[in-house]
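> After the sequence you'll find the predicted model.
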Amino acid sequence: MAESIKVDLADNLGLTDHVVQLVALITVLSLAPSIFIMVTSFVRIVVVLSLLRTAMGLQQSPPNSVIISLALFLTAFVMTPTFTTAYHDGIEPLMNKKIELAEAFTKTSLPFKGFMLTQVRKQDLKLFVDLSKTAEPEEAKDLPLQVVVPAFMLSELRRSFEIGFLIFLPFIVIDMVVASVLMSMGMMMLPPVTISLPFKLIFFVLVDGWALIAGSLVQSFGTG
């Protein structure tokens, strides 16, 4: 039998307040994927994995769905302590009706802000403090999210490009060696990329590249 579901709109709040809360909840849920990308380790991980594919000269393998799935699982691994703290401090008390929605949002966002502040560069924080034209607080934890989040994303993009540069180096060496050998053999019409791809793949397999990349990414956040 189907259970009846009812919404109580007379719980010490007016109808307008409940409508506002409902609209706010729907808005947050619709923006959840973007929020997940902005305040977690996802940006660094997915950019590095994409750069790895480019460095190896692969176009569609592994496909985007595989890269994103791997990035999501690595992000979940890195962010588990933050997710747990946010749930116990903010979401669980809200579900038990011990705190209000505004307080729950503040307590839930604090662990994510703490995570971002451990990864963000001071230069990026200063940039957005200056752009926002607000007084810089004595402690970074007092900075608003509208300053911390974009600064964190810039820092993540910079760091992912730094890691990507290091990933590119060995594959560039392989390309140069293959190109030199082909030129010395007079086979200049043969595309070096086609010949170097198998060597890149076997090199990546021999050094256990996937484990090396995944482990390095996780450890770059101070985890593991």
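Cool, the structure landed. Residues are numbered from 1 along each chain as shown.
> Pick out the residue nearest the middle of this structure.
The centroid of the chain falls nearest to residue 42 when counting by C-alpha atoms, centre = their mean (1.7 Å).
> got the CA coordinates for stretch 96-115 in PDB?
What follows is stretch 96-115, C-alpha atoms only, in PDB (Å, rounded to 0.1, in the frame of the first residue of the first chain):
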ATOM      1  CA  ASN A  96      17.000  16.300  13.900                       C
ATOM      2  CA  LYS A  97      15.600  19.800  14.100                       C
ATOM      3  CA  LYS A  98      18.200  20.900  16.600                       C
ATOM      4  CA  ILE A  99      19.400  23.900  14.500                       C
ATOM      5  CA  GLU A 100      17.900  26.200  11.900                       C
ATOM      6  CA  LEU A 101      18.600  26.200   8.200                       C
ATOM      7  CA  ALA A 102      20.900  29.300   8.200                       C
ATOM      8  CA  GLU A 103      23.000  27.800  11.100                       C
ATOM      9  CA  ALA A 104      23.200  24.500   9.300                       C
ATOM     10  CA  PHE A 105      24.500  26.100   6.200                       C
ATOM     11  CA  THR A 106      27.200  27.900   8.100                       C
ATOM     12  CA  LYS A 107      28.300  24.700  10.000                       C
ATOM     13  CA  THR A 108      28.200  22.600   6.900                       C
ATOM     14  CA  SER A 109      30.300  25.100   4.900                       C
ATOM     15  CA  LEU A 110      33.000  25.500   7.600                       C
ATOM     16  CA  PRO A 111      34.700  22.100   6.900                       C
ATOM     17  CA  PHE A 112      34.800  22.900   3.200                       C
ATOM     18  CA  LYS A 113      36.200  26.300   3.800                       C
ATOM     19  CA  GLY A 114      38.900  24.800   6.000                       C
ATOM     20  CA  PHE A 115      39.800  22.300   3.300                       C
END
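> Number the residues from 52 up from this point.
All set: I'll call the first residue 52, so the last point we hit is now stretch 147-166.
> buried ones in it?
150, 155-156, 158-164, 166 (16 or more other C-beta atoms under 10 Å). The way it works is simple: take the backbone N, C-alpha and C, and place the C-beta from them, glycine included.
> And for stretch 85-103?
89-103.
> And for stretch 139-147?
Result for stretch 139-147 [16+ other C-beta under 10 Å]: buried residues 140-141, 144-145.
> again, but for stretch 268-275
For stretch 268-275, a neighbour-count test (16+ other C-beta under 10 Å) marks 268-269, 271-272 as buried.
> Stretch 196-216 now?
So stretch 196-216, judged by 16+ other C-beta under 10 Å, has buried residues 198-207, 210-211, 214-215.
> most remote residue from this protein's center?
Farthest out in the chain is residue 237, which, by C-alpha atoms, centre = their mean, sits 46.2 Å from the centre.
> Residue 173 is in contact with residue 206, correct?
No: between residue 206 and residue 173 there is no contact under C-beta atoms under 8 Å: 9.5 Å.
> tell me the SS of residue 188?
Under DSSP: H, G, I helix; E, B strand; the rest coil, residue 188 falls in the coil class.
> Kindly tell me how buried it is, as a neighbour count.
A total of 12 residues lie near residue 188 under the criterion other C-beta atoms under 10 Å.
> now whatever helix or strand residue 232 lives in, how far from the chain's geometric center?
Taking DSSP states H and E as the criterion, residue 232 maps to helix 196-235. Offset of helix 196-235 from its chain centre (C-alpha atoms, centre = their mean, to the nearest Å): 17 Å.
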